[in-house]
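1. one predicted model, sequence on top.
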Amino acid sequence: MSEGPRNPTMTDYMAGVMLANGIVWIWAMALATFSDFFSRIPYVLLAFIAYVIYILGATLASYLVCKRTSSKHLVVGLKLAGLACFFSLIMMLGSTTGPTPALAIVLLVCYGAGGIAGGYLALRSELGSRKIIQDRELSE
Amino acid sequence: MYWDVEVTPEDEDEMISKIAEKIHQYGLDVAAILMIETVKPLSFIGAQMGRFFVSPFLPALGENIGMSGEKFLQIFEKRENVEKLIKAVEELTQEEEERKKAEKAKKLEEKKARIAEGGEPEKKGWRRFLPF
């Protein structure tokens, strides 16, 4: 039974932002904790892994938030990506180095890509079910 | 602009279903829905920009394309038609999913029937090379 059109609330967005940033911060903590091990890996490879983790974190968060909407998946994904990027930069203000323009751009691009990918995956998983069409009919 | 095109509701439905089938044929259902849903609020502005920037070049492409282009702009400047297009693509995807499910269930039934008759179950993938 369909309950009508669904839209994520502010709490959902905040949860998504926390999840996206949480994964990134776990990676940062791992880098700091196992610095001996990671110092043996080339910096280029580490940077590549970091980008992949940023994208995966945003994809997972965006997918879960987009599952809570019945329309405009791309908008929801991008909104989440923007919020996650903003929150990440705010968090970095407290760090010793602070946010740099290059880091801000990298975060925005990676989170944006993750947001789009999450929205795409959420819509694809929903398209096979009747639910989305029923929700659309109800919202008209 | 260059042709006096009258668009009837039948024309609208025909063009919408034609576009939906084309989208579905190329497997772009999800990407198309994502994009169309996002730009839906700008459909009127998009159509007006199309009239300004694209319409003047349409006569050079022949009468058929010109007329279709004019119809296209008239149809998709209405937001409800954009919504109809999304719905048509969703329904086509839904139908395909149901067809795939039915095919899968049919194959499973056939396999079960073959095993019940005492036949060997068909081996798939790397299992084909096993002697047992």
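-> Okay, I see it.
2. so which helix or strand takes in residue B:121?
-> If you go by DSSP states H and E, residue B:121 is not part of any helix or strand.
3. show the pLDDT at the nearest residue to it once chain neighbours are set aside.
-> By the measure of CB to CB, 6 or more residues apart in numbering or on different chains, the closest residue to residue B:121 outside its immediate chain neighbours is residue B:115, 5.5 Å from it. C-beta here means a position set from N, CA and C on the backbone, and glycine is covered the same way. For residue B:115, the pLDDT comes out at 81.
4. residue B:109 is in contact with residue B:115, correct?
-> No - because the distance of 10.9 Å does not satisfy CB atoms under 8 Å, residue B:115 is recorded as not touching residue B:109.
5. closest to the centroid, which residue in chain A?
-> Relative to the mean C-alpha position of chain A, the nearest C-alpha, by CA atoms, centre = their mean, is the one of residue A:58, at 1.9 Å.
6. residues contacting that residue?
-> Residue A:58 is in contact with A:20, A:80-81, A:84, A:110-115, A:117-118, counting by CB atoms under 8 Å, 6 or more residues apart in numbering or on different chains.
7. ok, 6 Å please
-> Taking CB atoms under 6 Å, 6 or more residues apart in numbering or on different chains as the criterion, residue A:58 is in contact with A:20, A:81, A:111, A:114-115.
8. mind putting these in TSV, distance to residue B:102 and secondary structure included?
-> Putting the contacts of residue A:58 into TSV (distance: CB to CB, whole Å; DSSP: H, G, I helix; E, B strand; the rest coil) gives the following:
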residue	distance to residue B:102	secondary structure
A:20	39	helix
A:81	38	helix
A:111	40	helix
A:114	35	helix
A:115	35	helix
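9. the closest residue in space to residue A:6 that isn't next to it in sequence: what secondary structure?
-> Beyond its immediate neighbours in the sequence, the residue positioned closest to residue A:6 (CB to CB, 6+ apart) is residue A:70, lying 4.7 Å away. The three-state label given to residue A:70 by DSSP: H, G, I helix; E, B strand; the rest coil is coil.
10. residue A:70: neighbouring residues, count only.
-> Each residue near residue A:70 was counted by other CB atoms under 10 Å in any protein chain shown, and the total is 20.
11. and it, how far from chain B?
-> For residue A:70, the distance to chain B under the criterion CB to the nearest CB, to the nearest Å works out to 11 Å.
12. could I get the phi/psi values of that residue?
-> Comment: the main-chain dihedrals of residue A:70 come out as phi -110, psi -10, following degrees, to the nearest 10.
13. isn't it up against residue A:7?
-> No - distance between residue A:70 and residue A:7: 7.6 Å, which falls outside the contact criterion (CB atoms under 6 Å).
14. in the longest helix belonging to chain B, what's buried?
-> Among the elements of chain B assigned as helix by DSSP state H, the one spanning the most residues is helix B:79-116. Buried positions in helix B:79-116, judged by neighbour count with 16 or more other CB atoms under 10 Å in any protein chain shown: B:81-90, B:92-94.
15. give me the pLDDT value at the residue nearest to the centre of chain A.
-> In this prediction, residue A:58 carries a pLDDT score of 94.
16. give me the element it is part of.
-> With DSSP H and E as the criterion, residue A:58 is inside helix A:43-66.
17. repeat that for residue A:84.
-> Under DSSP H and E, the secondary-structure element containing residue A:84 is helix A:73-92.
18. how many other residues sit next to the closest residue to residue A:81 other than its chain neighbours?
-> Ranked by CB to CB, 6+ apart and with sequence neighbours excluded, the top spatial neighbour of residue A:81 is residue A:115, at 3.2 Å. Residues near residue A:115, counting by other CB under 10 Å, number 33.
19. swap in the one 5 residues further on?
-> Residue A:120 is flanked by 21 other residues according to other CB under 10 Å.
20. who touches it in this structure?
-> The neighbours of residue A:120, taking CB under 6 Å, 6+ apart as the test, are residue B:30.
21. and the average pLDDT for the strand or helix carrying it is what?
-> Take DSSP H and E as the rule and residue A:120 turns out to sit in helix A:101-127. Averaging the model's pLDDT scores along helix A:101-127 yields 91.
22. relative to helix A:101-127, how tilted is the helix holding residue A:58?
-> Interaxial angle of helix A:43-66 relative to helix A:101-127 (axes from the mean of the first three to the mean of the last three CA atoms, to 10 degrees): 40 degrees.
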